[in-house]
Structure formats: structure tokens, C-alpha cells
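Chemist: Have a look at this prediction, sequence included:
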Amino acid sequence: MEILSSRTILRPRDYATTLSFYRDILGLATAREYPGGTVFFAGQGLIEVAAHGAADTPSTFDGALWLQVRDLTAAQTELVLAGVKINREARQEPWGLHEMWIADPDGVPIVLVQIPEDHPLRRDTRPVNDR
């Protein structure tokens, strides 16, 4: 099987509120719009907010969106000023990443991550011969 692209599809209870959250609060750029939905750029991935969610159906998303940011402190300040509830304040995790947790209007968990300069995710750990 050859995967050509991928994206996360969210089907919120309140399309307008969730659309505004991703577009206006998080500031994601629009990749495309179609009748009944909007697809946003999210780094190297895409997040689609579809208008065909069910208002009376509870969110069944079991997981979290992982969004890398350049400056987690600045992101936290920006979100607090926008009235977004911070579920877990920014802090460095034992594995070295700086993380902060929020949620979208349907309660979908979002972890915002800053990768420190000296973290292995930023370094090429392959031996020089293998590069």
C-alpha cells in the first residue's frame, strides 16, 4: 500500500465554533474550503473541520492532536489572551520536550510542543558514514 497523503478529520458538534477555534484562535492557514468543510495546514499535516458532525453526538475522538510550535511561552500567552483554557501549563517533560495541553471546543486534546535545540528530534543521530 502506498500512502500519498493524510489528514485528521474532525466532525464537531458546533461547526462554526470549532472552525473559528482552529482558524482564528490557533491561526491555522486554510488549505482549501469546500461546501461543508474547511481543511487547514498544520505544519506537515492537515486538519479538516467537517460541517457534517452531529450536534447530539458526543465527541468520540480518542487521542490527541500534536502541534509543534516555535515558542511555547509565546503560544501560551497568546492563547490565554484569547480566552483559551490551559488544561496543563507549559513545562519540560522527562523526555526533554516542552509541552502544554489545551482542548478544542469539542474537548479534543491538543498538545502544543516546543522541541529544544539540543533535543534528539533536532539532531541527526545517524553515524556520519550513513548520511
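Modeler: Sure, I can see it.

Chemist: wait, what's in contact with the closest residue to L28 other than its chain neighbours?
Modeler: Counting by Cβ to Cβ, 6 or more residues apart in numbering, the nearest residue to L28 once its immediate chain neighbours are dropped is F40, at 3.8 Å. Bear in mind the C-beta positions are built from the backbone N, C-alpha and C, glycine included. Residues in contact with F40 (Cβ atoms under 8 Å, 6 or more residues apart in numbering) are 22-23, 28-31, 46-49.

Chemist: Can you name the next helix or strand after the helix or strand where F40 lies?
Modeler: F40 belongs to strand 37-42 when elements are defined using DSSP states H and E. Remark: after strand 37-42, the chain's next helix or strand is strand 45-50, criterion DSSP H and E.

Chemist: Quick check: buried residues in that next one?
Modeler: Along strand 45-50, the positions that meet the burial threshold by neighbour count (16 or more other Cβ atoms under 10 Å) are 46-50.

Chemist: coming back round to it: how far away from the center of its chain is the strand holding F40?
Modeler: Centroid separation for strand 37-42 versus its chain: 11 Å, with Cα atoms, centre = their mean, to the nearest Å.
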